[in-house]
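Novice: Sequence first, then the predicted structure, then my questions.
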Amino acid sequence: MVLHGLQALLGRLYDVEMNYDVYDFLVTDRRALGDLHPCNDARPSDEQLLLAETPDGAAVALYMDPALLGRLEGADPVGELCEQNLADYCTALEGVSHFVYSTWRLDCDLPVSLLELETQAEVDKYAVTVFLLADQHGGGYPAQVHPRLFDRVSFDARLTPDQYQRYRMAHRSAAHYCRKLEHRFVSRGQTRVEALVRELRRFYRLGCTAKLRHAALA
């Protein structure tokens, strides 16, 4: 199942224990969401992480559009990522990123902010795509990932001003950080893989303010 593959990629990349199976929290029927509310905004979308406080802690659900999941099961990006499944892959990876990061932070009894979730998801899309494509194409560094993910983007016109500012800040911070990763760890097509992974794992464990500060200074 395709979400398992994406969850496993994130777990290996960041060396975090996967205590929860994303499929145990997956919802594909909006009518089943009940009193849970999207953690980011209320716009209907193909992917939404939903959180609610409970007497025992937090309730979590990840909504994914069933048509999107069907397309990915028919063209699994973990096996072959291409232009045809890239958009669906990015949507699914963002959802799994939100799920893995928020449940990991909650297990560690650490706070998590919306800006932090969005910034980490943008970095996750870049990092996972780089390593996935390198593995699929013989180990070479895929140089076009950054411009493809960060240069050709647009923001939903339905966003409120606050939402727009959050998404824009997350996108800009991640784009700057990931460009600096290329400058620091890739030289003449050769990637210092171990050093790059160490840096990504360090960034993953920072809180929101520290993430943004580190991204700006990296």
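Specialist: That came through, no problem.
Novice: Show me the residue at the heart of this structure, geometrically.
Specialist: residue 121 (2.9 Å; Cα atoms, centre = their mean).
Novice: can I assume it sits in a helix?
Specialist: Yes. Judged by DSSP: H, G, I helix; E, B strand; the rest coil, residue 121 forms part of a helix.
Novice: ok, the closest residue to it other than its chain neighbours to residue 184 distance?
Specialist: Of all residues not flanking residue 121 in the chain, residue 97 sits nearest, at 4.2 Å (Cβ to Cβ, 6 or more residues apart in numbering). All C-beta spots, glycine's among them, are computed from the backbone N, C-alpha and C. For residue 97, the distance to residue 184 equals 22 Å [Cβ to Cβ, to the nearest Å].
Novice: residue boundaries of the helices in the chain?
Specialist: 2-14, 66-74, 83-107, 114-136, 145-150, 161-185, 193-204, 208-217 (DSSP state H).
Novice: For the second one, what is the distance to the chain centroid?
Specialist: Helix 66-74 has its average C-alpha position 18 Å from the chain's average C-alpha position, going by Cα atoms, centre = their mean, to the nearest Å.
Novice: Residue 91 against residue 62, yeah?
Specialist: No. If you go by Cβ atoms under 8 Å, residue 91 and residue 62 don't touch, sitting 11.8 Å apart.
Novice: picking up where we left off before, out of residue 97 and residue 184, which sits in the busier spot?
Specialist: residue 97 (23 against 13; other Cβ atoms under 10 Å).
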